[in-house]
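Chemist: using only what follows, build the 3D model:
(chains A and B)
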Amino acid sequence: MNVKWTMKSILICFLSAAFIVSADIRAEKNRKQAWEATSEIRMILENMLGDLDPTLPPPKLLKEPDFTWGLDNTVYWNSDSVEAMLLELGMNLLFFEVQARFNGTELWGFVDPHVDSATFVNLPEKTTVEYYLRYFAQDAEGVFYLSYWSDPETSIQDISPPMVWSVDILDLQESSNINWTIGPTISIHVIASDPNGQVMELGIREQNAAGDYYLYHAFEPPEDSVSISIPYTMRSNEKELSTLTIWVIDVAGQQSGEFSITLFWWPDEEEEIICFPNPFNPDKNEVSVIKFNSAFVNITEARIFDPFGNLIQVLNKEPSNGFFEWDGRNRYGDLVSNGGYICLITGQPRLYCKIAVLR
Amino acid sequence: MKNRIPRCIFWWITLFCLSASLWSQDGAGQAGAFLRYGIGGRALGMGRAFVGVADDASGVYWNPAGIVGTKRFELASMYTNLYFDSEYAYFGLVIPRISDEVKDKVARYFIGPSSAIGFGWVGLSMADLQQTTHTGVVLGDFGISENAFLAAWSREEIGTWGILRYGVNFKFVTQNFSGLQSSATYHSNQVNRDWSGGMDVGFTFRPINAPLFNIISIRYLIPFQFGFVLQNLIQPTWNLMDAHVDRFPRVFRWGVSYRMIIKDFIPSSWGAIRNFFGRSSILTAYDQEIYQRNDHGHYVGFEGYFPFSQSGLALFPRVGLNNRTEGTSLGLGFTLPFTKEALIRIDYAYNDHPYLPDDNRLFLTIQMGEEKGSGYFKRMSEREGISSHEVRNYLLRILTEYPNDYVSDAVEQLALLDDSSHVRRYYELSGGLGRATWLFNEAKDFLKQGETGKAKSRAEKAIEEYKPIFLEPENPLNDGELLDYGESLIIANRMEEAIMILREVEEPSLRSYYLLGVSMKAMKDWDGAIEMFQNGIKRYEMEQDLNSMVCLSFLGLGETLLLKGEYRSAITTLDILLKNYSKRLDLNYPRYPILEDGFVVDEAQFLIGLCRIMLREFSDGVEAVMKTERYYPKLEYGQFVTERSNELMEILITANWNRLDLLAKQYLQRYFSE
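Modeler: Below is the predicted model of the structure:
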């Protein structure tokens, strides 16, 4: 051999060795002991000479959920079935080795033979983690045997709860103090999403004087984000206050924040015009709502008069609203006195109601 | 009386002004709004401009000061459906000038003939309000009612300055929410009824001769009346829920009214039209309502008064508008007598509103008892045992009731009681013959003072008063009044008319002949003038009349003869004047045509001299002319001769008769041209 080739070979070998060593170092770097093995297991490992080739059938991990809440995950298996199988082969189960692999990282740990589970902690969120299981056995002669790795079970850690972005109730009228819509069946439009997982279920709770009522709507399949209109039949009586609370649950079982609204519903047969509450007390921040039939919804102005025709206040509203509000103040911002007043819808001389202020 | 007036009025006005500084917040939706709407068919038909009027039972509400101006015991009622079935009602009664007989001073102050009391009730009711919960559940109906019970007192003070009326009303107010059921926000055991008390104070003022106002003719001033009222000087409050106190806002309201007597604005020459309108009038009123902040209320109203008979049948059309309810109002009322001393008045008011339904209301008022108007004051002025001061005040009240049947008599009586400056104004009110006579006398006074311009102006006004009377079908002027009329025309230098009027005198007298002579002389009707002056002189001889007219008749006759060229006759006539009448002359008697007054004898002396010169009796003539200076050195022609005595002496010495003749003609020309 000439020197040049030898040097080249030595260099190649050195570099390969270096690579292997570095790979080994890297591999070693990304392998993390999830927990420290017991002394018994360490002693067994020390007594094993060299690596074993797998010869025994692989164990089976129990099914993992697609998403696991939190940053920890516990994987399960049936150690009794493995022991029974080994017993038939005349072997003893020594211990299990369980691994979690994600993003090039391996977490491993050894588990005593009678233990059916192992918990990995501080797992990353949003990452698919693969779990593997194998076991070590020994026959009567003291020969060590190794099983094949089990089929992987995967799961994604999900610590972020879902979010409800908006809840709209169709035809909801929102006054300063109170809300209402036409019922009893209302339409609830929900927009929600789960940043890491999927929205699995919508929950509705109605609280009224009679008690609580729950309704759940499952999303099949679960979705990252949902935008859905759900018909809901109010359980309360007409014009009875209820509080609706809406939330979603993701596949990790996490619940979003709750969205609540207190409202009541009117039947379809509405009066042409009604004022409520009557009398009202503006000193207690009450407002008088002047609600009228949806046929007149395009009206934008109403006027408050005293019984003598003196103009007290001019009320305006958006065309989409079906009501006016009066806070009990006159045109100069002063609260009016106790007494009766008349609200007349501009352009509709037969649409009026009598409002009383009682302070 | 004069001392008492400033003191008590001072305290009233002070109270008013101090409290007037404590304004309220803005008025829309404030407590007590039901007491600011207004009551009464007249007021509502006039757009609620009534503070300066307030002279009927509704004055208990509008301005308590005005109730003493009510003519009779009055019961008034109103019931109306306001907007959307709200109900509003009023009932009131006023007793004006309660007792003539009360003697005790304190009692007389409060219930005497210068005072009045009134009572009223105002009620507002809103029913069929729907009680609802916070979620629109209807619980039932409820109602709201507000009531005010009013007691008013008023008194008037009168002087030559005018009539001041002041008054106060006390009110008891209640508010009630009835029919409320317990709910989440209201418990039936909560208080739903409230009551409180308050007070209003008011004034009206009608000027007669008050300073600054006396620059306006009384005929056009009397119809003015000013009114001021401060509502809620003592503020009632609502305190229903014990959590919030709502005070009725203080409201200051002032107003002015003017009752225009239609015929006073029609030229006197349009007699038929003036007669047609008679005592018809148009009342105009303006009110302003003031709160502390913006949005003051302005109210304007008009009411016509058209009487059809003396018994009380009359028609009252009305119109008004204001910026509160943003609408106009129309009204019509009529009064019907139904017994000897009772009237019914029915009023209708229509109110238009831009947003609310139109409004129609009916009102009924009954007026009973003796009318406390001009006839009452006339009777009171004739009572025995009252002071001249009280008589004057009753007579002044008659004037403020202008027009009426007693104005002329009242003016005549006031002329005897009062000073001349006020009497002159009072005569403006009576007009007619009385005013004509007074103006004529004033013209003569100005002439005596040498103020010929003013004399002529007064004479012209007197003529305006005489003329329509003269033109009446039966010409009621007697001889003396005709002579005054004629003499007024002479003062105004309207000689042709003067002759026409003076010829209407039925029984000629020295004065009539004298005035005719003066007029004819001015018209250069020498023969006519000579005849009249001679007739006048003859009348003197028959009547033994010693006044200046005789003297002036002689002078006028002499002047006329001279102008005619009958110098000898002129000398004879003027000589008689010099010899017989120089000592009996009234130095101040005015001369016609309008000249500065002088002492006629120096003129007679002067003219005698000129006549002799014209007869070419030059020496005698100069001597006669020089006598003017010697006998009457301080009188006009005496001084005139003094200034020319050297010239005359020179002419006499040089016997330059041509020059003397020329001079005499110049003197004559100057004499008759001045």
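
Chemist: in the stretch 151-300 of chain B, which spans are helices?
Modeler: For the stretch 151-300 of chain B, the helices defined by DSSP state H, counting those that start in this stretch cover B:218-221, B:271-277.

Chemist: how far does the shortest one sit from its chain's centre?
Modeler: For helix B:218-221, the distance between its averaged C-alpha position and the chain's averaged C-alpha position is 4 Å (Cα atoms, centre = their mean, to the nearest Å).

Chemist: so, low pLDDT: which residues of the stretch 551-674 of chain B?
Modeler: Residue ranges of the stretch 551-674 of chain B with pLDDT under 70: B:581-599, B:674.

Chemist: deepest of the helices of the stretch 151-300 of chain B, which one?
Modeler: Among the helices of the stretch 151-300 of chain B, helix B:218-221 has the highest mean neighbour count (mean count of other Cβ atoms under 10 Å in any protein chain shown), at a mean of 20. All C-beta spots, glycine's among them, are computed from the backbone N, C-alpha and C.

Chemist: who are the packing partners of it?
Modeler: Under the contact definition 3 or more Cβ pairs under 8 Å, 6 or more residues apart in numbering or on different chains; DSSP states H and E, helix B:218-221 sits against helix B:420-430.

Chemist: can you pull the buried residues of the helix or strand that the helix it packs on is followed by?
Modeler: Per DSSP states H and E, the first helix or strand lying C-terminal to helix B:420-430 is helix B:432-448. Within helix B:432-448, the residues that count as buried by 16 or more other Cβ atoms under 10 Å in any protein chain shown are B:433-440, B:442-447.

Chemist: with pLDDT and distance to residue A:317 added, can I get the residues you listed in JSON lines?
Modeler: JSON lines is the format used below for the buried residues of helix B:432-448 (pLDDT from 0 to 100; distance: Cβ to Cβ, whole Å):
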{"residue": "B:433", "pLDDT": "82", "distance to residue A:317": "74"}
{"residue": "B:434", "pLDDT": "80", "distance to residue A:317": "72"}
{"residue": "B:435", "pLDDT": "82", "distance to residue A:317": "69"}
{"residue": "B:436", "pLDDT": "89", "distance to residue A:317": "74"}
{"residue": "B:437", "pLDDT": "87", "distance to residue A:317": "76"}
{"residue": "B:438", "pLDDT": "84", "distance to residue A:317": "73"}
{"residue": "B:439", "pLDDT": "88", "distance to residue A:317": "73"}
{"residue": "B:440", "pLDDT": "91", "distance to residue A:317": "78"}
{"residue": "B:442", "pLDDT": "86", "distance to residue A:317": "75"}
{"residue": "B:443", "pLDDT": "90", "distance to residue A:317": "77"}
{"residue": "B:444", "pLDDT": "87", "distance to residue A:317": "82"}
{"residue": "B:445", "pLDDT": "84", "distance to residue A:317": "79"}
{"residue": "B:446", "pLDDT": "86", "distance to residue A:317": "78"}
{"residue": "B:447", "pLDDT": "82", "distance to residue A:317": "82"}
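
Chemist: looking at the helices of the stretch 151-300 of chain B, which has the lowest confidence?
Modeler: When the helices of the stretch 151-300 of chain B are compared by mean pLDDT, helix B:271-277 comes last with a mean of 80.

Chemist: and residue B:304, how many neighbours?
Modeler: For residue B:304, the count of nearby residues is 18 (other Cβ atoms under 10 Å in any protein chain shown).

Chemist: nearest residue to it other than its sequence neighbours?
Modeler: In space, and not counting its chain neighbours, residue B:304 is closest to residue B:317: 4.7 Å by Cβ to Cβ, 6 or more residues apart in numbering or on different chains.

Chemist: for chain A, what is the nearest residue in chain B?
Modeler: residue B:29 (3.0 Å; Cβ to the nearest Cβ).

Chemist: which strand residues bridge whichever residue of the stretch 151-300 of chain A sits closest to chain B?
Modeler: Across the stretch 151-300 of chain A, no residue is closer to chain B than residue A:276, which sits at 3.7 Å (Cβ to the nearest Cβ). Note on residue A:276: beta-bridge partners residue A:289, judged by DSSP bridges.

Chemist: that one and residue B:139 touch, don't they?
Modeler: No: with contact defined as Cβ atoms under 8 Å, residue A:276 does not reach residue B:139; the gap is 10.2 Å.

Chemist: so where do the strands sit in the stretch 101-250 of chain B?
Modeler: Using DSSP state E, counting those that start in this stretch, the strands found in the stretch 101-250 of chain B span residues B:115-132, B:138-159, B:162-178, B:193-207, B:224-234, B:237-238, B:246-247.

Chemist: got those strands as JSON lines, with mean pLDDT and distance to residue A:180 columns?
Modeler: Formatted as JSON lines, these follow (pLDDT from 0 to 100; distance: least, Cβ to Cβ, whole Å):
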{"stretch": "strand B:115-132", "mean pLDDT": "94", "distance to residue A:180": "13"}
{"stretch": "strand B:138-159", "mean pLDDT": "94", "distance to residue A:180": "15"}
{"stretch": "strand B:162-178", "mean pLDDT": "94", "distance to residue A:180": "26"}
{"stretch": "strand B:193-207", "mean pLDDT": "92", "distance to residue A:180": "33"}
{"stretch": "strand B:224-234", "mean pLDDT": "93", "distance to residue A:180": "42"}
{"stretch": "strand B:237-238", "mean pLDDT": "86", "distance to residue A:180": "32"}
{"stretch": "strand B:246-247", "mean pLDDT": "86", "distance to residue A:180": "31"}
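
Chemist: still on that earlier bit, if I pick the residue nearest to residue B:304, what's in contact with it?
Modeler: For residue B:317, the contacting residues are B:303, B:304, B:306, B:331, B:332, by Cβ atoms under 8 Å, 6 or more residues apart in numbering or on different chains.

Chemist: I'm done for today, thanks for sticking with me.
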